[in-house]
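Asks: No letters, just coordinates:
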């Protein structure tokens, strides 16, 4: 008898993890930056439908996301996906390589901290910003290459059944990402996921 509950639950959890990874990597943020924030704040509450709040949200400055929380959530969701896929002991090294590389690709916020701290910013030398941007790009490229290698290693040890399940999870994830991006752009109704 085929068990469908863990697959459905794991697909949702894996979908959430991947959405989180892509959002923090900037896929969704890039599209959101193109929107006019003033227009978004001025939109009537009726446009939000049943999700509207009685009081509008205050537009207070704050961090866009918490890197530590993002890594924790991604770790929890990947752990659930590990269980749903039925990763065996002999597959564990490849799975850990994959999850470590994926989580390492999430931004840590360390480079940004230098420029948000007033004292450190005042100590910056000419062209330090350009060097930090270049360093971050090089570091990100190396982490992306490590993730590609980890994915190749993982695919080599998974069974056809596990690959099929991972493919279904990916399909649902992509559908959720598209709904989320459309929702952020104001093209979708209701909650995105």
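Replies: Right, received. Where do you want to start? The structure presented is a predicted model; accordingly, all values stated were derived computationally and were not measured. Residues are numbered from 1 along each chain as shown.

Asks: can you pull out the strands in the chain?
Replies: Counting by DSSP state E, one finds no strands in the chain.

Asks: so where's it shaky on pLDDT?
Replies: Applying pLDDT under 70 to the chain flags residues 1-65, 187-193.

Asks: all helices of it, in order?
Replies: Along the chain, counting by DSSP state H, helices occupy 5-25, 27-33, 37-42, 67-85, 92-105, 110-116, 118-122, 128-157, 160-184.

Asks: how about a markdown table for the ones you listed, with mean neighbour count added?
Replies: C-beta coordinates here come from the backbone N, C-alpha and C atoms, glycine included. What follows is the helices of the chain, written out as a markdown table (neighbours: other Cβ atoms under 10 Å):
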| stretch | mean neighbour count |
| --- | --- |
| helix 5-25 | 19 |
| helix 27-33 | 13 |
| helix 37-42 | 10 |
| helix 67-85 | 17 |
| helix 92-105 | 17 |
| helix 110-116 | 12 |
| helix 118-122 | 9 |
| helix 128-157 | 13 |
| helix 160-184 | 15 |
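
Asks: how near is residue 169 to residue 124?
Replies: Distance of residue 169 to residue 124, computed by Cβ to Cβ, to the nearest Å: 43 Å.

Asks: how much space is there between the nearest residue to residue 146 once chain neighbours are set aside and residue 165?
Replies: Excluding its sequence neighbours, the residue lying closest to residue 146 (Cβ to Cβ, 6 or more residues apart in numbering) is residue 101, at 4.7 Å. Counting by Cβ to Cβ, the gap from residue 101 to residue 165 is 20 Å.

Asks: for residue 181, same thing?
Replies: From residue 181 to residue 165 the distance is 25 Å (Cβ to Cβ).

Asks: Show residues contacting stretch 141-150.
Replies: 94, 97, 98, 100, 101, 102, 104, 105 (Cβ atoms under 8 Å, 6 or more residues apart in numbering).

Asks: Quick check: the farthest pair among those residues?
Replies: The span of these, defined through Cβ to Cβ, is set by 94 and 105 at 17.0 Å.
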